[in-house]
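Undergrad: quick check, what structure comes out for this input:
(2 chains)
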Number of protein chains: 2
Amino acid sequence: MDAYDAPVADMMAALRLAGLDELLALPAFAGAHADAETVETLVGEFGRLASEVIAPTDRVGDTVGSKLDVTTGDVTAPPGFTAAYRQYVDGGWAALAVPAEHGGGGFPTVVGLAVQELFTTANLALSLNPMLTHAAVELLARWGDQRQRSVFLPKLLTGEWCGTMDLTEPDAGSDVGALRTRAEQDAGGVWRLTGSKIFITWGEHDMAGNIVHMVLARTPGSAPGTKGLSLFAVPKFLVNDDGSLGARNAMRAAKLEEKVGIHASPTCVMEFDGAVGELVGEEHAGMRGMFTMMNAARVSIGLQGLAVAERAWQQSLAYARERRQGRAAGAPASAGRAAIIEHPDVQRMLLTMRVSSLAMRHLLYLTAAQSDVASAHPDEAVRARAAALSELLTPVAKAWPTDLGVAAASLGVQVHGGMGYVEETGIAQRWRDSRIGPIYEGTNGIQAIDLATRKLPRDGGAAMLRLLDEIDATVSELGKDDEAWGPTYEALAAGADALRTATLWVLARPAEEIADVLAGATSYLELVGVVVGGWLLARSGDAAASNFYATELLPRAAGLLTPVTAGAARLHGLT
Amino acid sequence: MDAYDAPVADMMAALRLAGLDELLALPAFAGAHADAETVETLVGEFGRLASEVIAPTDRVGDTVGSKLDVTTGDVTAPPGFTAAYRQYVDGGWAALAVPAEHGGGGFPTVVGLAVQELFTTANLALSLNPMLTHAAVELLARWGDQRQRSVFLPKLLTGEWCGTMDLTEPDAGSDVGALRTRAEQDAGGVWRLTGSKIFITWGEHDMAGNIVHMVLARTPGSAPGTKGLSLFAVPKFLVNDDGSLGARNAMRAAKLEEKVGIHASPTCVMEFDGAVGELVGEEHAGMRGMFTMMNAARVSIGLQGLAVAERAWQQSLAYARERRQGRAAGAPASAGRAAIIEHPDVQRMLLTMRVSSLAMRHLLYLTAAQSDVASAHPDEAVRARAAALSELLTPVAKAWPTDLGVAAASLGVQVHGGMGYVEETGIAQRWRDSRIGPIYEGTNGIQAIDLATRKLPRDGGAAMLRLLDEIDATVSELGKDDEAWGPTYEALAAGADALRTATLWVLARPAEEIADVLAGATSYLELVGVVVGGWLLARSGDAAASNFYATELLPRAAGLLTPVTAGAARLHGLT
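TA: This is a model prediction of the structure:
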């Protein structure tokens, strides 16, 4: 029941809808020497690794978890993790979408995202490790000095070494500017870091030769808040100029958090006790670097919503085909017991999971592909439009799929009935694992604020209004007389209207009415997600999936317009 | 953060809106010698016990859990459970709403439900034990013979002994008719039960002198399916006619399930190995008895949705007042850090939890109070109308609150941010505990089928159409010109329209279109819940709560009409 099949056809359809062929034809990606067929082969090949090698480690990861030896500070990954990870590293998968100039495969990031989808769906907790490493690669490639690019990058690129992101402190979560970890230069001019970081994902483990921590810290005399923060690369083992390893650095994992899910991923409290660090970029410019990492991570976190939904759908479909209870609707009393998939309400749940996954994938791939266009297209105007769209959709691509992922995993539990609430079937793990998505890398509430108060208004709404025009064009193409697309036509037209009305309302708020926008920001983000998801499904050509979405999920759009525009006065009843 | 305050004022408001004063004035409840003030005193008194004695056991129950000794079959409840439970028994709380003729306190069941709310919110896992005991009491009071009423009832009534409900088998969950446990008479005419039951809540433990299992089994030569089932009382210790305990019966707990939540509640696999049972009611009439138990239990399970939402709201409110992150909306850059409750999106989450709790409580208390009217009112026509309404609302009162409970607990996790995903704060327990509600005592999908295909159509829709007329009357009373109730007026009018349209559509389906009804049954149930919840909040007089509900939750009604009426053809895309 716990098997995972790589959905290669679905993925290729989403890659093509997102513009894979056009992307691969761009000069910037010529180094990959690839067409869509090459990509399909790659996806199929990594799909086998994901299904056959990585996915089987997922359950033991949940039940055994990573373990900390408090006397040594060593963390041991669950059985089988290192072996599975080695195959990923040895296969050269980690660097697929890293630009050729840094030694990577030169593929568009959206192709890297497809590989990442397979890894994440196979084992979410393990996938966090390469995800963070990749973010460290992007950061060092952009902001690192020559030494950092030459000693850290080559090993991080392949995954031989791992990277982490060390921001949060006990009193500084979403509010990064409040952090207190200090970095001070010793007599020899070497930066020494002292302080505690919490919630450090894969902060310590035994799967790689070295771990490079990207740490935000405060240097002497710097301004309060985020402006006083600087970024440091703090390796577990010091690295000599020739790339060889030196002494163990003065830092250790002091505790692992006991979490609801993703048990295999060690969430560390890291203690820095005068640890040697290297300044990355300029002093006081740490946030700029961190934003590079966080932006890259947001689409990856959104992908986790897709991952739990896809995996839960596959497991629940298999279960529903096997489990027999009661008679099918309309069957005579003499009929034998039906597989529960014969029951309309079970079909409704399974299809909701299914179309949620499809819609999420389209949104995520589009967001990534547009960022590829933004960085690689020869035409500046095209680049600018793509950047605007990708940046507009990034908070939506983080928040909407992670919320839908929780909902889909919950439906998976429900399809399993009483067996869903016991750990034995494994579906409960999906639900527990799913719940972190809406929280980390900026809570979904913060994504909504980013969308409604920054990404939407910063160009006067131009990017969103262009997107709405495209949606209207799709509605017109569908036409109201094509019976095969009737439900989609009706619901998408209504959804687009609601989104346009909501958008114009948000854009029309003056600065002093910011609280009114904030009070409806989460509903606005959900509205964008549900309508854009419906639009992409309509364009996918899959009428059955699109029409089901149009009758089950897209009608929610109408109910979201009211909370978007209801203002903040209604919040004053809170005592 | 984990403290629980009994919401006495909210509860009294809900009791009064449900008709407490009128109920207590009925001759049937004269034996309670009580008015609403007496009830308030009782609720306050039990509220203290719940807050001070029961609630503090909740966390240890989750972390330690109940333990099975596999060699003896003995189950040990978590530390502190037996002592807390004793205070409940010794205080005489268990029998409060049992009719005086059976030795109880003679209060309406809705007053018993209020006490149960306090217990359930304080410790959900522990509350399942008295809940099931109470269901056994109802069953034996109605269907037991004189011996059973004299030897079992007095001890079960007080909670000195506990009761359980043994239906499910590995291959017979929702499909009870498929069960295989056998009951055969030995040479002396004694019934002997042999078989395995699974998912038996509190099936074995060390908190009471005896445990009386209500077991469904198949007698020799009986028909297949549910018609061949009979009901047996199977005590852990045999009971002599004078009420004294005899030998240990041939049954034992063989395994405890590892569950996502409610860890303190031992979910047992029970093995019966020729265990002595007493036939309750007639042979082959077992389902009738079980339905007595299951009906009583449905409102109690709905109550669990309220319980997790109320507790999660209290915890999250306390956390949001203490935790400081970022500046408040519109505050100048120089402002200090704000408690997160200052952020509009956090307020939105907290208020959603708050009004969900209020609306659920109103629905649950109304459903229970109408069942009291149905059994106790002197006027037959009033009784019949109340019975119809209570029965119509029972599946809604089970399913809607349990779904809302999961959603509210999830919001609680979200308010806590990263701290919500670690077990330390305790809010994660709410979310894990909440997820069983939509599953047991008939999955929420089965409740929806019951509503749409049985409870709604059986009187041609008369009970629902009467309810809709009442809602319309409330809309008219609010009037469109009263600014204080503007949002409520608008949303309730629209919601009532949607519900009426959906209801008429469901009622108009001919028998051969049953699959079309089933495909939208879950959405129909949610539509009933969200509109009736909004109606009751409007009638509660709390304009702030009602208007917030009207702008955040009630607008969903519009989006539910489409899935209710979209039919089953849209499900055919499932491969």
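Undergrad: in the helix or strand hosting A:Gln315, which residues are buried?
TA: Assigned by DSSP states H and E, A:Gln315 falls within helix A:286-322. In terms of neighbour count (16 or more other Cβ atoms under 10 Å in any protein chain shown), helix A:286-322 has its buried residues at A:286-290, A:292-317, A:319-320. For every residue, glycine as well, the C-beta is placed using N, CA and C.
Undergrad: does A:Asp35 really touch A:Asp21, like I thought?
TA: Yes - counting by Cβ atoms under 8 Å, A:Asp21 is a contact partner of A:Asp35 at 7.4 Å.
Undergrad: can you tell me the centre-most residue of chain A?
TA: A:Ile301 (1.8 Å; Cα atoms, centre = their mean).
Undergrad: skipping adjacent residues, who's closest to it in space?
TA: Closest residue to A:Ile301 apart from its sequence neighbours, by Cβ to Cβ, 6 or more residues apart in numbering or on different chains: A:Glu441 at 4.6 Å.
Undergrad: residue ranges of the helices in the stretch 201-350 of chain A, please?
TA: Secondary structure of the stretch 201-350 of chain A (DSSP state H, counting those that start in this stretch): helices located at A:286-322, A:344-376.
Undergrad: which of the ones you listed sits closest to A:Gly336?
TA: helix A:286-322 (14.7 Å; Cβ to Cβ).
Undergrad: list the buried residues of the top strand by length along chain A.
TA: The longest strand of chain A (DSSP state E) is strand A:267-279. The neighbour-count check on strand A:267-279 (16+ other Cβ under 10 Å) flags A:267-272, A:275-279 as buried.
Undergrad: swap in stretch A:58-67?
TA: Here stretch A:58-67 shows A:58-59, A:61-62, A:64-66 as buried, counting by 16+ other Cβ under 10 Å.
Undergrad: with mean pLDDT added, can I get the helices of the stretch 201-350 of chain A in a markdown table?
TA: Putting the helices of the stretch 201-350 of chain A into a markdown table (pLDDT from 0 to 100) gives the following:
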| stretch | mean pLDDT |
| --- | --- |
| helix A:286-322 | 92 |
| helix A:344-376 | 97 |
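Undergrad: which single one of the buried residues of stretch A:58-67 is nearest to B:Leu537?
TA: For those, the nearest to B:Leu537 is A:Asp62 (40.7 Å; Cβ to Cβ).
Undergrad: wait, a helix at the closest one?
TA: Yes - secondary structure of A:Asp62 (DSSP: H, G, I helix; E, B strand; the rest coil): part of a helix.
Undergrad: need the contact list for it.
TA: A:125, A:261, A:263-264, A:426, A:429, A:433 (Cβ atoms under 8 Å, 6 or more residues apart in numbering or on different chains).
Undergrad: now with 6 Å?
TA: Shown in contact with A:Asp62 (Cβ atoms under 6 Å, 6 or more residues apart in numbering or on different chains): A:263, A:429.
Undergrad: please report how far it lies from A:Ile427.
TA: 12 Å (Cβ to Cβ, to the nearest Å).
Undergrad: now swap in A:Glu22 and tell me
TA: From A:Glu22 across to A:Ile427, the span is 39 Å (Cβ to Cβ).
Undergrad: and the strands in the stretch 451-575 of chain A, which stretches?
TA: Read by DSSP state E, counting those that start in this stretch, the stretch 451-575 of chain A holds no strands at all.
Undergrad: quick one: name the residues of it near chain B.
TA: Applying Cβ under 6 Å from any Cβ of the partner chain, one finds that the stretch 451-575 of chain A approaches chain B through A:514-515, A:518-519, A:522, A:544, A:547-548, A:551-552, A:555-556, A:558-559, A:562-563, A:566, A:568, A:570-571, A:573-574.
Undergrad: which residue comes closest to A:Ala136 once chain neighbours are left out?
TA: Of all residues not flanking A:Ala136 in the chain, A:Gly163 sits nearest, at 2.6 Å (Cβ to Cβ, 6+ apart).
Undergrad: wait, A:Arg432 sits on A:Val260?
TA: Yes - A:Arg432 is within contact range of A:Val260, at 5.0 Å (criterion: Cβ atoms under 6 Å).
Undergrad: hang on, the earlier thing: now for the helix holding A:Gln315, which elements pack on it?
TA: helix A:109-122, helix A:124-143, strand A:229-235, helix A:344-376, helix A:380-415, helix A:427-434 (3 or more Cβ pairs under 6 Å, 6 or more residues apart in numbering or on different chains; DSSP states H and E).
Undergrad: ok, A:Leu404 - contacts?
TA: By Cβ under 6 Å, 6+ apart, the contact set of A:Leu404 is A:305, A:356, A:360.
Undergrad: got a pLDDT number for it?
TA: pLDDT, A:Leu404: 98.
Undergrad: for the closest residue to it other than its chain neighbours, what are its contacts?
TA: Leaving out its chain neighbours, the residue that sits closest to A:Leu404 by Cβ to Cβ, 6+ apart is A:Ser356, at 4.8 Å. Going by Cβ under 6 Å, 6+ apart, A:Ser356 touches A:309, A:404, A:408.
Undergrad: so which residues on the stretch 151-300 of chain A come close to chain B?
TA: Taking Cβ under 6 Å from any Cβ as the measure of proximity, the stretch 151-300 of chain A contacts chain B at A:173-175, A:199, A:257-260.
Undergrad: most neighbours among the residues you listed, which one?
TA: A:Phe199 (25 neighbours; other Cβ atoms under 10 Å in any protein chain shown).
Undergrad: leaving out chain neighbours, which residue sits closest to that one?
TA: Nearest to A:Phe199 is A:Thr168, by Cβ to Cβ, 6+ apart, at 4.5 Å.
Undergrad: and the one you found, how far from A:Ile449?
TA: Taken as Cβ to Cβ, the span from A:Thr168 to A:Ile449 is 19 Å.
Undergrad: look at those two and report which has more neighbours.
TA: A:Ile449 (25 against 21).
Undergrad: which residue packs closest to that one, ignoring adjacent ones?
TA: Nearest to A:Ile449 is A:Ala521, by Cβ to Cβ, 6+ apart, at 5.4 Å.
Undergrad: distance check, the one you found against A:Leu451.
TA: Distance from A:Ala521 to A:Leu451, by Cβ to Cβ: 7 Å.
Undergrad: shaky segments in chain A?
TA: A:1, A:329-330, A:332-334, A:573-575 (pLDDT under 70).
Undergrad: domain map for it?
TA: Following automatic domain parsing, chain A resolves into domains at A:8-158, A:163-285, A:443-575.
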